[in-house]
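Participant: Provided below are the primary sequence and the corresponding predicted coordinates.
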Amino acid sequence: MAKTRTQFVCSECANESVRWLGRCPGCSAWNTFEERIVQPVQSAPTRPIAVVSKGPTQARVAIALKDLEQIDEPRIASGYGELDRVLGGGIVPGSLVLIGGDPGIGKSTLLLQTACGLANQERVLYVCAEESAQQVKLRAERLAIAAPNLYLLAETDLEIVLQELESLRPAVAIIDSIQTVYLPSLTAAAGSVSQVRECTGALMRLAKRVNISLFIVGHVTKEGSLAGPKMLEHLVDTVLYFEGDRFQSHRLLRSVKNRFGATHEIGVFEMVDRGLVEVENPSSLFLTSREDPAPGTATIVACEGSRPIVVELQSLVSPTSYSSPRRTATGIEYNRFLQILAVLEKRVGIPLSKLDAYVASAGGLDVSEPAADLGVAIAVAASFRDRIVDPQTILIGEVGLGGQVRTVSQMELRLKEAAKLGFKRAIVPRGSATTTVDIEVVPVARVLDAIVAALGSFSESQPTKS
């Protein structure tokens, strides 16, 4: 009889060692090795190598790409246009989708509403591994949703879950969450690296074999990344992040990996008393009222994937009370904000080294692309001069270290979105290739030219009141 043995496994990267180590050689993390009991494995009899024959039972061989038959299998509509957009047009049968997000952000609510919508036409299984079936029933009643073909399974044993998937054969199944299910054959605790890896692998094999679309909920770490091994993201077909501030009503569903569509697409939802509703025009959500403009505001058009979103940027510049001025950026990348401030001081002459500077995007939307640089620069300059930028003007462009305004991608798409919302004027980089758009285009080459075009003369020595 084979003896059991122990080994030490890193909880961060699943690196294995025969003895305990203070620092993992794989990921350089400290105190992450945990002792595991390795069960003896019975050796299987040696199988002979299959010989490829030309008969009717031909073994698998390499096939030329041009000889493969294309299978056009229709996607499953989720009932949410925003979710279908992020997935690339709908749910692909047999796909494995991983959804992560902060606790309480609305992952379970979104999936329960989607499951109820799908269950009106398809058979759906919802595995509630974190709560009881009665709790899910109460949430469904609170959201006023019901479906005849929605089945609940309150179970954490993955073997029972796999048996139920085999017998029920639903079109879509939801596992909430992957960190709470476990395989009894593994001695590691639920949520450990080995359990998450093996459970996801077993679900993936079943989904591909019986053509079940699987949604898996994943926990996140305190840094905001998905918990568990990085291999988890490699195993699945699509990785979605559900983002948002719990103090704001809007939520963003962002795609960071998609084998069946474009990445970095976003879907916008709003949390209301009856659950999550999709926002078909996100620009109206992130664009505040233009009837009462204030100094230090500028409007940009950010592109998230193939979707343009009009966002208002707000800036405040004031004398500092400390030896070193404060810089705060909300929704804008902090290092890029510091770079823009340095360009304004060096190339334009604004003494920002003696002033506190703050910038924020309306609604808390994270705008990380360089096309927002010109809007940030104009907002800071407008706050410094206490002037109001024309609320009918849009700003698009990247700011270089030499004070240049550089071109950005998808310019025509951005201008069409601005014109659709009623903007009359756009300050863009010189040389931007645009076709006929119903909006006045003002090309600029440098930041100072953009400031003059947006605010007028900028040669006054003292700020003027609007």
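Facilitator: Great, that's in hand. Residues are numbered from 1 along each chain as shown.

Participant: Residue 128: what's it in contact with?
Facilitator: By C-beta atoms under 8 Å, 6 or more residues apart in numbering, residue 128 lies in contact with 135-136, 152-154, 176. Yep, even glycine has a C-beta here, placed from its N, CA and C like the rest.

Participant: so residue 394 sits in a strand?
Facilitator: Yes - counting by DSSP: H, G, I helix; E, B strand; the rest coil, residue 394 is part of a strand.

Participant: partner residues bridging it?
Facilitator: Judged by DSSP bridges, the bridge partners of residue 394 are residue 426.

Participant: these two touch, right, residue 266 and residue 252?
Facilitator: Yes - between residue 266 and residue 252 a contact is recorded at 5.3 Å, counting by C-beta atoms under 8 Å.

Participant: which residues are in contact with the helix or strand harbouring residue 449?
Facilitator: Using DSSP states H and E, residue 449 sits within helix 447-455. Applying C-beta under 8 Å, 6+ apart, the contact partners of helix 447-455 are 298, 343-344, 347-348, 374, 377-378, 381-382, 385, 387, 389-390, 393, 395, 397, 399, 403-405, 427, 442, 444, 458.

Participant: Buried residues in that helix, which are they?
Facilitator: Neighbour-count burial for helix 447-455 flags 447-451, 453-455 (criterion: 16 or more other C-beta atoms under 10 Å).

Participant: The contacts of helix 447-455, buried ones only, as a PyMOL selection?
Facilitator: Those of the contacts of helix 447-455 that count as buried under 16+ other C-beta under 10 Å are selected in PyMOL with:
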select buried, resi 298+343+344+347+348+374+377+378+381+382+385+387+389+390+393+395+397+399+403+404+405+427+444+458
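
Participant: Out of the contacts of helix 447-455, which sit inside strands?
Facilitator: Among the contacts of helix 447-455, the ones falling in strands (DSSP state E) are 298, 393, 395, 399, 405, 427, 442, 444.

Participant: Look up how far residue 442 lies from the fifth one.
Facilitator: This means residue 405. Distance, residue 405 to residue 442, using C-beta to C-beta, to the nearest Å: 11 Å.

Participant: coming back round to it: okay, the buried residues of helix 447-455 in a markdown table with pLDDT and distance to residue 409 next?
Facilitator: Output for these, formatted as a markdown table (pLDDT from 0 to 100; distance: C-beta to C-beta, whole Å):
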| residue | pLDDT | distance to residue 409 |
| --- | --- | --- |
| 447 | 95 | 20 |
| 448 | 94 | 24 |
| 449 | 94 | 22 |
| 450 | 95 | 19 |
| 451 | 95 | 24 |
| 453 | 94 | 22 |
| 454 | 94 | 22 |
| 455 | 91 | 27 |
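
Participant: Looking at these, which is nearest residue 318?
Facilitator: residue 455 (18.2 Å; C-beta to C-beta).

Participant: and the closest one, how far is that from residue 391?
Facilitator: In terms of C-beta to C-beta, residue 455 sits 13 Å off from residue 391.

Participant: How about residue 138?
Facilitator: For residue 138, the distance to residue 391 - C-beta to C-beta - is 46 Å.

Participant: So for the two, which sits in the more crowded spot?
Facilitator: Shown here are residue 138 and residue 391; by other C-beta atoms under 10 Å, residue 391 has more neighbours (20 against 12).

Participant: Where do the helices of this protein begin and end?
Facilitator: 81-87, 107-118, 133-142, 158-168, 193-210, 231-235, 282-286, 334-343, 373-385, 411-420, 447-455 (DSSP state H).

Participant: Can I get the second one in PDB, CA atoms only?
Facilitator: I take that to be helix 107-118. The C-alpha trace of helix 107-118 is given here as PDB (Å, rounded to 0.1, in the frame of the first residue of the first chain):
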ATOM      1  CA  LYS A 107     -22.700  40.500  -9.500                       C
ATOM      2  CA  SER A 108     -25.300  38.100  -8.100                       C
ATOM      3  CA  THR A 109     -28.100  40.600  -8.900                       C
ATOM      4  CA  LEU A 110     -27.000  40.900 -12.500                       C
ATOM      5  CA  LEU A 111     -26.700  37.200 -12.900                       C
ATOM      6  CA  LEU A 112     -30.000  36.400 -11.200                       C
ATOM      7  CA  GLN A 113     -31.800  38.900 -13.400                       C
ATOM      8  CA  THR A 114     -30.100  37.500 -16.500                       C
ATOM      9  CA  ALA A 115     -30.900  33.900 -15.400                       C
ATOM     10  CA  CYS A 116     -34.600  34.800 -15.000                       C
ATOM     11  CA  GLY A 117     -34.700  36.500 -18.400                       C
ATOM     12  CA  LEU A 118     -33.100  33.500 -20.100                       C
END
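
Participant: Can you list the neighbours in contact with that helix?
Facilitator: 76, 78-80, 83, 99-101, 124, 126, 136, 139-140, 143, 145-147, 150, 171-172, 174, 176, 215, 217, 242, 251, 253, 269, 275-276.

Participant: Around residue 64, count how many other residues there are.
Facilitator: 6.

Participant: pLDDT below threshold where in the stretch 351-466 of the chain?
Facilitator: Scanning the stretch 351-466 of the chain with the threshold set as pLDDT under 70 gives 433-435, 457-466.

Participant: if we go to 90?
Facilitator: 354, 362-369, 420-422, 431-438, 456-466 (pLDDT under 90).

Participant: With the stretch 101-250 of the chain instead?
Facilitator: 101-105, 120-122, 141-149, 177, 185-197, 219-235, 243-250.

Participant: at 70 what do you get?
Facilitator: Along the stretch 101-250 of the chain, the model assigns pLDDT under 70 to residues 246.

Participant: Keeping just the C-alphas, turn the helix holding residue 449 into PDB.
Facilitator: Output in PDB follows, covering the C-alpha atoms of helix 447-455 (Å, rounded to 0.1, in the frame of the first residue of the first chain):
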ATOM      1  CA  VAL A 447      -1.600  73.300 -25.800                       C
ATOM      2  CA  LEU A 448      -1.300  77.100 -25.800                       C
ATOM      3  CA  ASP A 449      -3.300  77.300 -29.100                       C
ATOM      4  CA  ALA A 450      -6.000  75.100 -27.600                       C
ATOM      5  CA  ILE A 451      -6.200  77.300 -24.500                       C
ATOM      6  CA  VAL A 452      -6.600  80.400 -26.600                       C
ATOM      7  CA  ALA A 453      -9.200  78.800 -28.700                       C
ATOM      8  CA  ALA A 454     -11.200  77.600 -25.600                       C
ATOM      9  CA  LEU A 455     -10.700  80.600 -23.300                       C
END
